[in-house]
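[1] no FASTA, just this:
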Ligand SMILES: NC(=O)c1ccc[n+]([C@@H]2O[C@H](COP(=O)([O-])OP(=O)(O)OC[C@H]3O[C@@H](n4cnc5c(N)ncnc54)[C@H](O)[C@@H]3O)[C@@H](O)[C@H]2O)c1
Ligand SMILES: O=C(O)C1=N[C@H](C(=O)O)CCC1
């Protein structure tokens with residue numbers, strides 16, 4: 001059995017991962033939450049999962065690198081600086097970072113890239129997401145992941161295309177951009193809709209998370225897959241063989 005260490009162990013995802021680990025033939029080496037030293041856990045675990053907060057990522061990566069322990073990063077709301085830290089860590093340990101560990105969204109990502117490529121830049125792309133009232137980041141990590149896939153399909157990058165839609169659009173749409181709209185409320189686990197809007201017709205590709213266990217199961221699968229892998233950055237599609 002592979003022993004998983006959980007950063008953010010007292011949170012919604014940390015608790016869901018601890019509950020599901022046994023079903024996937026993994027054990028829990030322990031957890032660390034706010035105010036706790038991340039280094040002992042990194043030494044005790046064979047692989048780490050981080051579902052905590054962006055502010056904690058730097059210390060979690062430092063602990064993982066010092067112990068030589070691979071890490072799955074599910075925390076969202078990451079900045080370009082965080083991504084640079086992840087790239088640096090991946091020079092010495094195996095790291096898998098993703099905004100969504102579910103099977104459904106991993107497949108949706110592939111479909112969105114394909115649709116964007118086949119439809120071309122004449123079709124506007126808008127991404128709508130809704131999450132529970134406690135979620136602090138927007139757009140969601142999944143929305144950004146899907147935006148990346150759509151941009152890749154068009155042969156561009158999201159940075160060139162991004163419209164940060166939290167406050168909604170003011171004025172007409174900017175041609176060629178990818179728009180984001182975020183809704184927050186209630187107990188919604190995670191809904192995403194990618195709208196391709198053309199002349200006189202629309203295509204909508206979406207995913208609705210009904211239970212947080214879909215993310216927890218994917219995170220444990222990713223952790224088991226990552227344990228023992230050489231240094232580098234990996235993705236969920238590789239884990240799930242898609
Ligand atoms: N990638 C995915 O599939 C996926 C799925 C669900 C949630 N998430 C992301 O995971 C993160 C956590 O989500 P959640 O719903 O469990 O949130 P949450 O607020 O319930 O849990 C976060 C936990 O992190 C803890 N924490 C804060 N600072 C810490 C530190 N320095 N060290 C260790 N722990 C610390 C908090 O005390 C809390 O217990 C969010 O960024 C969320 O967007 C990702
Ligand atoms: O509950 C959350 O927070 C979620 N975060 C991820 C995101 O930002 O996309 C995945 C869905 C649930």
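    Structure received. Computed from a predicted model, the values in this text were never measured in an experiment. Ligands and ions are numbered 1, 2, ... in the order given.
[2] what's the spacing between the closest residue to residue 236 other than its chain neighbours and residue 196?
    Spatial nearest neighbour of residue 236, excluding adjacent residues (Cβ to Cβ, 6 or more residues apart in numbering): residue 106 at 4.5 Å. (Glycine included, C-beta is placed from N, CA and C.) Residue 106 is 20 Å from residue 196, where distance means Cβ to Cβ, to the nearest Å.
[3] likewise residue 29?
    As defined by Cβ to Cβ, residue 29 lies at a distance of 44 Å from residue 196.
[4] what's near enough to touch the residue nearest the centre of the chain?
    Nearest to the mean C-alpha position of the chain, counting by Cα atoms, centre = their mean, stands residue 99 at 1.0 Å. The neighbourhood of residue 99, defined by Cβ atoms under 8 Å, 6 or more residues apart in numbering, consists of 74, 76, 140, 141, 142, 143, 144, 145.
[5] of all these, which two lie farthest apart?
    Longest distance between any two of those is 14.9 Å, between 74 and 143; criterion Cβ to Cβ.
[6] burial measure for residue 138, as a count.
    Other residues lying near residue 138 total 20 when counted by other Cβ atoms under 10 Å.
[7] from memory it sits against residue 183, does it?
    No. Between residue 138 and residue 183 there is no contact under Cβ atoms under 8 Å: 9.2 Å.
[8] Can you work out which residues contact both of the two?
    residue 129.
[9] Could you count how many residues lie near residue 84?
    Neighbour number of residue 84 under other Cβ under 10 Å is 10.
[10] thought residue 44 was touching residue 29?
    Yes. Applying Cβ under 8 Å, one finds residue 44 in contact with residue 29, separated by 4.8 Å.
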